[in-house]
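In: After the sequence you'll find the predicted model.
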Amino acid sequence: MEVVLASHSYLAKGMYETVSLIMGEQTHLHYLTAYVEEGVDFKDQLVALTKSIKNEQIIFVSDVIGGSVNNELVNFVKSNCNYFLVSGMNLPFILELLTYTNELKNESVNQVIDNLKTTVDVGRAGLKVVELDDDPISEEDF
C-alpha cells in the first residue's frame, strides 16, 4: 500500500519531511506539490507519479476538501477501485496511517475503507483547542 500526500504549494512536502523526521524514511510515502512551478500541470504530476509506483493500491491524502487539488484527485481516484482518497491532511492522521499501511497489503477494498474511517477518527482526536490560563509558564511547569 502506497500513500501519496497532495497539496497546494509545499504543505505535502512539509508533512513528508516531518514524518521522515519522526518515523524515519518511509519508502511507501510520496508527495505532490501543486502550483509550485509555473507551467507544471498537477494532473501530469499525478499521472507520472502513479505510473512510477509499483504497488496497485494507493491512498491519496489531500490538503482540503473542495480545493482544486482534491477535486482533481476525486476525478482521478474514480478511475481505479484500488485508489482511495482522504481529504483534510493532518500530521496525527498521517502518522497513524503509516503505522498500519504495511498491514493492509492483502485487505479488501471494504476493509481498507473501514480502516481509513478509523484512522480519520484518530486524526480528528489529534485536533485540540489549547486553552491557556493567564498565568505565565514557569520553568517549574516542565
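Out: Nice, I can see it.
In: does residue 59 count as helix, strand or coil?
Out: strand (DSSP: H, G, I helix; E, B strand; the rest coil).
In: so how far is residue 40 from it?
Out: For residue 59, the distance to residue 40 equals 23 Å [CB to CB, to the nearest Å]. Placement of C-beta: from N, CA and C, glycine included.
In: Kindly report the same for residue 113.
Out: 32 Å.
In: For the residue sitting nearest the centre point of the chain, which residues are in contact?
Out: In the chain, the centroid-proximal residue (CA atoms, centre = their mean) is residue 61; its distance is 3.4 Å. Applying CB atoms under 8 Å, 6 or more residues apart in numbering to residue 61 gives the contacts 3-6, 85-87, 89, 93-94, 97.
In: which stretches of the chain aren't confidently modelled?
Out: 102-109, 134-139, 141-142 (pLDDT under 70).
In: So which of residue 59 and residue 40 has more stuff around it?
Out: residue 59 (24 against 11; other CB atoms under 10 Å).
In: pretty sure that one contacts residue 89?
Out: No. Residue 59 is beyond contact range of residue 89, at 11.6 Å (criterion: CB atoms under 8 Å).
In: which residues in the chain form strands?
Out: 2-8, 29-34, 58-62, 83-87 (DSSP state E).
In: List the strands paired with the longest one, with their directions.
Out: I take that to be strand 2-8. Counting by DSSP bridges, the strands paired with strand 2-8 are strand 29-34 (parallel), strand 58-62 (parallel).
In: can you tell me which of these comes nearest to residue 68?
Out: When these are compared by CB to CB, strand 29-34 sits nearest residue 68, at 7.3 Å.
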